[in-house]
Every structure is written in structure tokens, then in C-alpha cells.
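Visitor: Got a predicted structure plus its sequence, pasted below:
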Amino acid sequence: MFATPTTLRSSTGADLALRYAPPASPPRAILQICHGLGEHGGRYQVFAQFMAAQGFAVYAHDQRGHGKTQAEDAPQGRFAGSDGSDKVIADVKAVTDHAMAAHPGLPVILFGHSMGGLIALNAALSHPRLYAGLAIWNSNFAVGALGRLAQIVLKTERALKGSDVPSMILPKLTFETWARSMPEHRTSADWLSRDPAEVDAYIADPLCGFDISVSMWLDVFSLTFRGMDVTLLSRLKKDMPIHLVGGGKDPATEGGKATSWLSHQLAERGFTRITKRIYPEMRHETLNEIGREQAMQEFADWALASLPAAEAVPSSAISGMTS
């Protein structure tokens, strides 16, 4: 079922391409996946099926401007003509509402990779009582002054060229720079994974690696800074389980430093159930990396242990998850 998406109408007017992996046993919880920039939810099939086998009802939609989702104001590479970040969050809630209606009473764990992690945290901030747990993988909230400078550059591009054209500068500062930092220099996407088959599959996928508009880049930075808003973070329960993952060779997060930074920031703000894992040799796409099986199993152990009514999981099952 996961390979062929259905359509879910969002309150934003988008027809979301929605994939579902039914649980292999009576469901214990809902897992909702938010994919990253320039890709789509179909790339999470292996992960979804793995988690479905653990008793999770798994949902993943294509974000606006991505994959097979259709919206009048969101061609490929753009969230929306205006209020893009708000509409992306509203789409996430539409999927959550749909999943909860299909599985009443079950808790929801919200998972996000990279840009999806930015979206997941922001969705939780907008709806702080909706999610039982939050997983943020390979995301960078630690953009600081460089992020503010990037916003100025993007606004300059918007003034000169408009918002619905690809940014000429941001790809050079991100994707192209990250690709050049890889030792093999085989493709432009080696920074995603050490597994050449996964890199080649990404390059061959017509729904991946497309140009990102100036407006979408601006929306991404808006989500980045909003996610660290102290007032909004105070709305979340301090004992909310939060699972952070990074890669020690991921240039998009400075080798996992951004993951450690986020863990520290959340702890400073009083969150008490933070689990951090840095996989030393992994690059950006943990779920498409060599060693992904370990990462998926450790995530499943964390997720099951984090459920409100979950039975105790042996400590050996989750040992070594904090680094």
C-alpha cells in the first residue's frame, strides 16, 4: 500500500499524496513521517514497513511543492505563493487528524528528517498537545548569524528576480559545497550517503533533486528560526520524549554538531527526556546509510519505550543510544 499514495485534501487546498503502511499486528501507535527538502515520502518505504512490523500505523505525505502532492499555489520547488510555512504545518495537521480518525485513541509520534525535522518541531509547537513524541533527524537549527545572512541574500534575490525562481546562491552555499567536501567526488549527491546504490537511486528519481525556489528557501529559514523560539518551546511538555539523530560525517549538520547543539538547547530549556545519537561514520540520510538497520532498530526501541502506555523495554535494548 505504501508504494501507491492516495489523496488527502488539506484545509490549505492542497491534495496531499499520502502513503500508509498498515501495522502487522494490532496497532500500538501512529508514526507520522515528514520528509526532507527536494525529495518525497515514497523514499521512506523501507523504514515505514519496518515500523509497521513493530505495530505502528505509519503515514507519510509529500510536502507542498514536492512529490505527487498537488496545490494551485505550490508547483515543484515552492511551498505556496504566500504563508508557505504556515500551510506546510497545516498540511501536517491534516495528516495527523486523518490518522487519528482512522486509529482513535492511539498516540502519535511525529518523525522528521532534515527539513522534515524543522517542519515536525514547528508542527508540534503549533499543536503542543497533539503529539506524544518527537523525532528530529539530521536537522540543522544552529544556523545563527549565517542563517540571518542567508535570509538577507534570499531577500535580495527576491527583490531582483522574484520569489518563484530558483535561488542561484543558496545551492552553492549548501548542496554544492557539501558535495565538494566528500572524498570520492563521484556525484553531486555523495554527501547524502556512503551507499552508492542509494545515491544513484536519488539521482535517478525524477521527484528528487529539483531546483528550490527563493520563496521555499525563505520558508525553510523561517521554520528554522521559529523552531527555536523560546516562547513557543515553552508550550511543549517538558517531559515530551524527543529523539535526536545526527551523522558524524554529515556536512549539512557540521558533522552532527548541530544535533548536539539542539540537544543542549532543549536541555537548557528544561526538556528532560532527550535522547541523542550521533552515528560517527554516517552522512546526511541516516535511513539510506550503511548501518541503517541499527538506526531503525534503535528508533523502534525508543519509540516503543516512549509510548504513554508502553510496557517497560529492557534497558539493554536501548543501551548506548546517548552519545
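Guide: Done, it's in. Only a predicted model underlies this, so the values are computations on that prediction, with no experimental measurement involved.
Visitor: Please count neighbours and contacts with C-alpha atoms only from this point.
Guide: Fine.
Visitor: Could you tell me whether Ser25 really is in a strand?
Guide: No: according to DSSP: H, G, I helix; E, B strand; the rest coil, Ser25 belongs to no strand; its state is coil.
Visitor: List the contacts of it.
Guide: Ala53, Gln54, Gly55 (CA atoms under 8 Å, 6 or more residues apart in numbering).
Visitor: average pLDDT for stretch 181-194?
Guide: For stretch 181-194, mean pLDDT is 95.
Visitor: So which residues make contact with that stretch?
Guide: For stretch 181-194, the surrounding residues in contact (CA under 8 Å, 6+ apart) are 175-176, 178-180, 196, 199, 202-203, 250-251, 282-286, 288-290.
Visitor: now for that stretch, what's the gap between its first and last residues?
Guide: 13 Å (CA to CA, to the nearest Å).
Visitor: quick one: which of the contacts of Ser25 sit in helices?
Guide: Ala53 (DSSP state H).
Visitor: low pLDDT regions in the chain?
Guide: Low-confidence segments of the chain (pLDDT under 70): 309-323.
Visitor: where along it do the strands fall?
Guide: 6-9, 15-21, 29-34, 56-61, 108-113, 133-137, 242-247, 274-279 (DSSP state E).
Visitor: Note down every partner strand of the shortest one and its orientation.
Guide: Each strand that pairs with strand 6-9, with its direction, by DSSP bridges: strand 15-21 (antiparallel).
Visitor: Also the third one?
Guide: For strand 29-34, the paired strands and their directions (DSSP bridges) are strand 56-61 (parallel), strand 108-113 (parallel).
Visitor: Residues contacting it, please?
Guide: For strand 29-34, the surrounding residues in contact (CA under 8 Å, 6+ apart) are 41, 55-63, 92, 96, 99-100, 103, 106-113, 116-117, 119-120, 307.
Visitor: Kindly calculate the angle that it makes with strand 133-137.
Guide: 30 degrees (axes from the mean of the first three to the mean of the last three CA atoms, to 10 degrees).
Visitor: buried residues in strand 29-34?
Guide: Ala29, Ile30, Leu31, Gln32, Ile33, Cys34 (16 or more other CA atoms under 10 Å).
Visitor: One more: the first one?
Guide: When burial is assessed from 16+ other CA under 10 Å, strand 6-9 yields the following buried residues: Thr6, Leu8, Arg9.
Visitor: how about Pro107, what does it touch?
Guide: Counting by CA under 8 Å, 6+ apart, Pro107 touches Ala29, Ile30, Tyr131, Ala132, Leu307, Pro308.
Visitor: For the residues you listed, name the two members farthest from one another.
Guide: Greatest spacing in those, by CA to CA: Ile30 and Pro308 (12.4 Å).
Visitor: which residue of this structure sits farthest from its center?
Guide: Most distant residue from the mean C-alpha position of the chain: Leu160, 30.9 Å away (CA atoms, centre = their mean).
Visitor: what sits against that one?
Guide: Residues near Leu160 by CA under 8 Å, 6+ apart: none.
Visitor: switch to 10 Å and redo it
Guide: Leu154 (CA atoms under 10 Å, 6 or more residues apart in numbering).
Visitor: again, but for Phe50
Guide: Ala21, Pro23, Ala24, Tyr44, Phe56, Val58, Glu293, Met296, Gln297, Ala300.
Visitor: Nearest to Gly246, out of those residues: which one, please.
Guide: Closest to Gly246, out of all of the contacts of Phe50 and judged by CA to CA, is Met296, at 13.2 Å.
Visitor: Please work out how many residues are found near the closest one.
Guide: Using other CA atoms under 10 Å, Met296 is surrounded by 18 other residues.
Visitor: That one is in contact with Tyr44, isn't it?
Guide: No: in this structure Met296 lies outside contact range of Tyr44 using CA atoms under 10 Å: 11.5 Å.
Visitor: tell me, what's touching those two both at once?
Guide: Joint contacts of Met296 and Tyr44 (CA under 10 Å, 6+ apart) are Phe50, Leu287.
Visitor: burial of the nearest residue to Arg226 once chain neighbours are set aside, as a residue count?
Guide: In this structure, Arg226 finds its nearest non-sequential neighbour in Asn122, 7.1 Å apart by CA to CA, 6 or more residues apart in numbering. Residues lying near Asn122 (other CA under 10 Å) number 26.
Visitor: who's in contact with Asn122?
Guide: By CA under 10 Å, 6+ apart, Asn122 lies in contact with 85-86, 88-89, 92, 116, 128, 223-229, 232-233.
Visitor: for the stretch 51-200 of the chain, what spans make up the helices?
Guide: Ranges of helices within the stretch 51-200 of the chain are 84-102, 115-126, 144-161, 170-173, 175-180, 196-204, based on DSSP state H, counting those that start in this stretch.
Visitor: Nearest to Gly77, out of those?
Guide: Comparing the helices of the stretch 51-200 of the chain by their distance to Gly77 (CA to CA), the top pick is helix 84-102, with 11.5 Å.
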